[in-house]
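Peer 1: fold the following.
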Amino acid sequence: MYDAVLLDRDGTLIEDVPYNGDPEKVRPVPGARVALDRLRAAGLRLAVVTNQSGLARGFFSEGQMRAVHARVEELLGRFDAWLICPHDDADGCGCRKPAPGLVHAAAEALGTSASRCVVVGDIGRDVGAALAAGAAGVLVPTPVTRPEEVAAAGWVAADLPAAVGEILRRQRAVQAVRPAGVGARVGTALVVRSDSAGDVLVTGPAIRAVAAGARRVVLVCGPRGRAAAGLLPGVDEVIEHPLPWIDPAPGPVDPEAMRVLIARLAAVGADEAVVFTSFHQSALPVALLLRMAGVGRIAAISDDYPGSLLDVRHRVPVGVPEPERALSLAAAAGHRLPADDEPRLRIRPELCRPPEAVEPGYVVVHPGASVPSRAAPPDRYAEMVAALTAAGHRVLVTGGSAERNLTARVAAAGGTDLGGRTDLAGLARLLAGARCLVVGNTGPAHLAAAVGTPVVSLFAPTVPFGQWGPYRVPTVRLGDAGAACRDTRAGICPVPGHPCLGGVDPVDVVEAVLRLAPPAPG
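Peer 2: Prediction:
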């Protein structure tokens, strides 16, 4: 899951003494040495990533700074690398957090990638740098941390030891141990993920883990996720069937339809089944159908008592990203990703080639969303397109066939309207050639993550960002994370004016695109 942990200095490792050039003033935060030694014992490499504008301002010399760092290592042990930004905000460098430069430089120094790093810091700049680099970010608040920074962070820990404990727990959670008496490789594995396209995409790493331990994988999904299912590597066959207890606008449960589904499941001849769900869904109705279909071994996450429906009953703490939640279930069932398969979202390689007919270097704006509360108002999207165009970007506006009026309205501000002109596979190719995607919390955000395209995430806080934000891809989050709709899971915005996204400044969108996709030198 992770190769390295990158730590902010002041306020995270040691007490924050502004512009400190005196080694005698170095005081570690409580529990720091023991926490860091736990990371070292687990084989994780450690680096410090710190903004030190006091150098630029002349408050201390480089020699004084090095003396402070020597004292830090004397008290806390050796770090594998130190990465320092000596600039002030006015210098416009690419290394001062929240820019991602320090995180990329640290990853390179440690021989890994940013997506395999965790950044631990005490303010929003630290988390912002982590997200912009595609790393995980943990916020450990102190009295100087602003409430809005805490609200926006996807992963918050009470203190440094707690952050380290959770990093190591997540690391262990995806390490599969095959149960005694169970073969090293199964014949046919049946995996279930019935929901929208985005839900299927975020389950992709876990499905690949199951595929690594099975000769054949059959995926059961609903109509809304069928197109995404066809994009996933590791899937040999897809069974499409609606599940009324999952669909957001369900019809009645039809006994005959359930009998047909049970017969289809029985015909698979599965040796085992893994039922993937979101944190708010129950796997037990599907588990009952699978039992009736004769599946002998079933694994799922369930807080509810499953009786004899599950052979592997797994539990996951609140707040874990959905891809990792699913990966931990696959691990509990005895499946893990191969060593050469990083736990990030993927689609089949042939779908990651940009379209030859479209000149590269464009920005994609996708104004629609499968859930209305997660989309910014159309007029605000139009203002974003106008601002991006004025900044010199070529903007393509995308959407489904039912969103053509929306895309036409937004594209009229200066973009090219591609509404209804691509299916999901075509959108994947289009995103593969994009510099950046501007989008709400909806399927195309996860599709961009699967092709490695940075995301400006206009994220409504109706669901937790830490669970549903773009995974392991460079990201800037915009929007009011502390709005009144927070954690309501509302499908329709409950607050007049849609303030969480309606207040996004188009200038911030332009700056976010610049942070994620700076122009090439020269």
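Peer 1: burial of the residue nearest to Gly269 when sequence neighbours are not counted, as a residue count?
Peer 2: Ranked by CB to CB, 6 or more residues apart in numbering and with sequence neighbours excluded, the top spatial neighbour of Gly269 is Thr188, at 5.9 Å. Heads up, the C-betas are built off the backbone N, CA and C, glycines and all. Using other CB atoms under 10 Å, Thr188 has 18 neighbouring residues.
Peer 1: same question, Val17
Peer 2: Val17: 14 neighbours (other CB under 10 Å).
Peer 1: one more: Gly452?
Peer 2: 17.
Peer 1: Val29 versus the closest residue in space to it that isn't next to it in sequence, what's the distance?
Peer 2: In this structure, Gly452 finds its nearest non-sequential neighbour in Val473, 6.3 Å apart by CB to CB, 6+ apart. Separation of Val473 from Val29 (CB to CB, to the nearest Å) stands at 31 Å.
Peer 1: now Gly482
Peer 2: Where Val29 is concerned, Gly482 sits at a distance of 26 Å (CB to CB).
Peer 1: sorry, back to before: quick check: the residue nearest to Gly269 touching Val268?
Peer 2: Yes. If you go by CB atoms under 8 Å, Thr188 and Val268 touch, sitting 6.3 Å apart.
Peer 1: now the common contact residues for those two.
Peer 2: Shared contacts of Thr188 and Val268, defined by CB atoms under 8 Å, 6 or more residues apart in numbering, comprise Val218.
Peer 1: okay, Gly482 and Val29: which has more neighbours?
Peer 2: In terms of neighbours (other CB under 10 Å), Val29 is the more surrounded of Gly482 and Val29; the figures are 20 against 14.
Peer 1: list the contacts for that one?
Peer 2: Contacts of Val29 (CB under 8 Å, 6+ apart): Gly11, Thr12, Leu13, Ile14, Glu15, Asp159, Leu160.
Peer 1: for the stretch 51-200 of the chain, which segments count as helices?
Peer 2: Taking DSSP state H, counting those that start in this stretch, the helices of the stretch 51-200 of the chain run over residues 54-57, 62-76, 101-109, 124-133, 147-152, 160-173, 197-202.
Peer 1: pLDDT on stretch 340-357, on average?
Peer 2: Per-residue pLDDT over stretch 340-357 has a mean of 91.
Peer 1: Thr112: neighbouring residues, count only.
Peer 2: 15.
Peer 1: now Gly77: closest residue in space, sequence neighbours ignored.
Peer 2: Nearest to Gly77 is Leu36, by CB to CB, 6+ apart, at 5.8 Å.
Peer 1: which other helices and strands contact the helix or strand that neighbour falls within?
Peer 2: Following DSSP states H and E, one finds Leu36 within helix 32-41. Helix 32-41 sits against strand 45-51, helix 62-76, helix 160-173, with contacts defined as 3 or more CB pairs under 8 Å, 6 or more residues apart in numbering; DSSP states H and E.
Peer 1: and the direction of it versus that of strand 45-51, what angle?
Peer 2: Compare the direction of helix 32-41 with that of strand 45-51 by axes from the mean of the first three to the mean of the last three CA atoms, to 10 degrees and you get 130 degrees.
Peer 1: buried sites along helix 32-41?
Peer 2: Of all the residues in helix 32-41, those buried under the rule 16 or more other CB atoms under 10 Å are Ala32, Ala35, Leu36, Arg38, Leu39.
Peer 1: doesn't Arg9 make contact with the first one?
Peer 2: Read that as Ala32. No. Ala32 lies out of contact with Arg9 (CB under 8 Å); the separation is 11.1 Å.
Peer 1: if we can go back for a sec, identify the bridge partners of the residue nearest to Gly269.
Peer 2: On the basis of DSSP bridges, Thr188 is bridged to Arg216.
Peer 1: show the contacting residues for it.
Peer 2: Contacts of Thr188 by CB under 8 Å, 6+ apart are Ala214, Arg215, Arg216, Val217, Val218, Val268, Gly269, Ala270, Asp271.
Peer 1: where does the stretch 351-500 of the chain have low pLDDT?
Peer 2: Judged against pLDDT under 70, the stretch 351-500 of the chain has no low-scoring part.
Peer 1: strands of that one, start to end?
Peer 2: Applying DSSP state E, counting those that start in this stretch to the stretch 351-500 of the chain gives strands spanning 363-366, 395-397, 416-417, 436-440, 455-458, 475-478.
Peer 1: out of those strands, which gets nearest to Val318?
Peer 2: strand 475-478 (19.6 Å; CB to CB).
Peer 1: could you dump the strands of the stretch 351-500 of the chain into TSV with distance to Ala90 and mean neighbour count added?
Peer 2: Compiled in TSV, the strands of the stretch 351-500 of the chain are given as follows (distance: least, CB to CB, whole Å; neighbours: other CB atoms under 10 Å):
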stretch	distance to Ala90	mean neighbour count
strand 363-366	27	28
strand 395-397	30	25
strand 416-417	36	16
strand 436-440	25	28
strand 455-458	24	29
strand 475-478	21	24
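Peer 1: quick check: which of these is nearest to Arg66?
Peer 2: Comparing the strands of the stretch 351-500 of the chain by CB to CB, strand 475-478 comes nearest, at 32.8 Å.
Peer 1: so what strands line up beside that closest one?
Peer 2: strand 455-458 (parallel).
Peer 1: coming back round to it: drop anything exposed from the contacts of Thr188.
Peer 2: Ala214, Arg216, Val217, Val218, Val268, Ala270, Asp271.
Peer 1: what's the burial count for the nearest residue to the third one once chain neighbours are set aside?
Peer 2: Residue nearest to Val217 in three dimensions, not counting chain neighbours: Ala211, with 4.7 Å by CB to CB, 6+ apart. Residues lying near Ala211 (other CB under 10 Å) number 24.
Peer 1: was I right about Ala211 contacting Glu237?
Peer 2: No. Judged on CB under 8 Å, Ala211 makes no contact with Glu237 at a distance of 11.8 Å.
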